[in-house]
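[1] Sharing a sequence plus its predicted fold:
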Amino acid sequence: MDEEAWETAAGRRSLDNGHSRRSTEFDHARIDSRRGPGRQRRERNVKAVERATYSVGALLFLSGLIHLAILLIGGGPWEGPVSLRKAATFGLSFGLTLVNLTFITSFVPLKDRTRTTLLSVFAVACVLETFFVSLQAWRGVPSHFNVETPFDAAVAQTLAVGGFTLVAIIVALTAAAFRAGTVLPPGLRLAIRAGFVALVGAQIVGGVMIATGMRLVFGGDPQRAYATGGWLKPVHAVLMHAILVLPLLAWRIARTDWDERTQARALRMGIVLYALVVVATVVVSVLSAGRSDSL
């Protein structure tokens with residue numbers, strides 16, 4: 001009797017545990033069903049914004065290639081404020097940066113709505129910057145530092161607003177990249193953070209060039225502003241594309257059969273080498289600017 005009672009009690013406990021497990025699973029499923037549509041809607045929105053920004057980035061890059069082809073086939077000046085090279089450079093750079101940031105921000109701890117908003121505004125700013133620079137190039141007038149007519153001044157002001165917008169978004173993304181919240185391989189996390197720091201540096205360099213050019217314009221020497229305002233363009237370019245190069249380097253190193261310590265050392269060395277390239281570019285730009293001023 002005791003054995004039968006024990007078996008009966010054990011069976012009841014088993015049934016109770018099974019019922020409890022099923023109830024718990026049902027509760028989780030019910031919670032998931034309540035949250036599911038909202039989560040799925042957010043995921044659809046994120047994917048839609050990603051597809052849009054990837055497409056816009058590809059179109060901007062294509063516009064850069066088209067301007068480059070026109071310049072190569074049709075000829076024209078490679079230097080100067082009205083060269084189609086500027087339209088090509090903006091299309092290629094902003095297209096590549098938009099596509100790259102769309103991908104990189106998927107590793108940054110951001111809420112879906114925040115990420116889609118930042119990416120959407122960033123894409124609009126990239127389009128405006130590229131469009132107005134290309135428009136002014138086709139009109140045969142400078143895009144930056146040009147306040148000769150009300151329309152040119154409006155274009156310059158729009159470019160400035162777009163630039164400030166880009167800077168604000170990049171700073172926000174950089175701050176988010178340094179927050180805890182997303183589990184990433186240490187190498188990739190370091191590369192993304194270093195790339196964002198370099199991208200902020202690129203915006204600072206761009207601000208220095210704008211300030212230099214506008215100081216000359218307001219001082220009554222717009223021609224000198226057109227000729228020397230972009231004296232840090234190489235530095236700006238190198239810093240701007242670190243967000244592409246360094247994560248790619250981290251990805252490539254992670255695919256080696258090196259141990260973790262060797263991979264970390266190789267990545268740190270790569271970041272240091274990239275920083276040395278930036279320093280060398282700064283030195284060359286400063287020396288070149290000094291020679292130009294002495295002429």
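    Perfect, I can see it now.

[2] Name the SS class of Thr256, please.
    In three-state terms, and counting by DSSP: H, G, I helix; E, B strand; the rest coil, Thr256 is coil.

[3] Just the pLDDT at Ser83, thanks.
    On pLDDT, Ser83 comes in at 86.

[4] So what's the residue count around it?
    Residues near Ser83, counting by other CB atoms under 10 Å, number 16. (Each C-beta comes from the backbone N, C-alpha and C, glycine too.)

[5] State the phi and psi torsions of it.
    In this entry, Ser83 is assigned phi and psi values of phi -70, psi 140 (degrees, to the nearest 10).

[6] With Gly140 instead?
    Dihedral angles of Gly140 (phi, psi; degrees, to the nearest 10) stand at phi 80, psi 30.

[7] Which secondary structure state does the residue lying closest to it once chain neighbours are set aside sit in?
    The shortest distance from Gly140 to any non-neighbouring residue, by CB to CB, 6 or more residues apart in numbering, is to Val82 (5.3 Å). With three-state DSSP as the basis, Val82 sits in coil.

[8] same question, Phe132
    helix.

[9] Contact partners for it?
    Residues counted as contacts of Phe132 (CB atoms under 8 Å, 6 or more residues apart in numbering) are Ser143, Val155, Thr158, Leu159, Gly162.

[10] show me what contacts the nearest residue to it once chain neighbours are set aside?
    Among residues not flanking Phe132 along the chain, Val155 sits closest, at 5.1 Å (CB to CB, 6+ apart). Contacts for Val155 were tallied using CB under 8 Å, 6+ apart; they are Phe132, Leu135, Gln136, Ser143, Asn146.

[11] hang on, the third one packs against Asn146?
    I take that to be Gln136. Yes. Here Gln136 lies in contact with Asn146, judged by CB atoms under 8 Å, at a distance of 7.2 Å.

[12] okay, and the common contacts of those two?
    Shared contacts of Gln136 and Asn146 (CB under 8 Å, 6+ apart): Asp152, Val155.

[13] what pLDDT, on average, does the strand or helix carrying Ala280 get?
    Element membership of Ala280, judged by DSSP states H and E, is helix 260-294. For helix 260-294, the mean per-residue pLDDT is 88.

[14] Relative to Val141, how far out is the spatially most central residue of the chain?
    Taking CA atoms, centre = their mean, the centroid of the chain lies closest to Leu101, which sits 3.4 Å from it. Distance of Leu101 to Val141, given as CB to CB, to the nearest Å: 30 Å.
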